[in-house]
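Asker: need a structure here:
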Amino acid sequence: MIDFEEELKKFHPSLEVDDSEKAISERDLSDMVDLIVDTAKNTPTRQ
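Answerer: Numbers count the residues shown, from 1 in each chain. This is a model prediction of the structure:
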C-alpha cells in the first residue's frame, strides 16, 4: 500500500512548473470574453 505521507516528503516541485507559473501570472492575458468585447467596441455599427 502507498504511504502518502512518505511520498509527500519526497515531493519537490519541478523548476519548469515554477518558471511557467511565474511567467503566466506576470502576463496580462486576454480571455475570449475580453476579445469579443474589444471586437464589439471596435466594430462600426450600420445605420
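
Asker: Can I get the strand or helix carrying Glu6 in CSV, CA atoms only?
Answerer: Per DSSP states H and E: Glu6 is located in helix 4-10. Taking C-alpha atoms only, helix 4-10 is exported to CSV below (Å, rounded to 0.1, in the frame of the first residue of the first chain):
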residue,chain,number,x,y,z
PHE,A,4,1.0,9.1,1.0
GLU,A,5,2.7,11.0,3.9
GLU,A,6,6.1,9.4,3.0
GLU,A,7,5.6,10.2,-0.7
LEU,A,8,4.7,13.8,0.1
LYS,A,9,8.0,14.1,1.9
LYS,A,10,9.9,13.1,-1.3
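
Asker: Can you give me the buried ones in that helix?
Answerer: Judged by neighbour count (16 or more other C-beta atoms under 10 Å), helix 4-10 contains no buried residues. C-beta coordinates here come from the backbone N, C-alpha and C atoms, glycine included.

Asker: Now do the helix or strand bottoming out on mean pLDDT in the chain: which elements does it pack against?
Answerer: Using mean pLDDT, DSSP states H and E, helix 15-26 stands out as the lowest-scoring helix or strand of the chain, at a mean of 77. Here helix 15-26 touches no other helix or strand, going by 3 or more C-beta pairs under 8 Å, 6 or more residues apart in numbering; DSSP states H and E.
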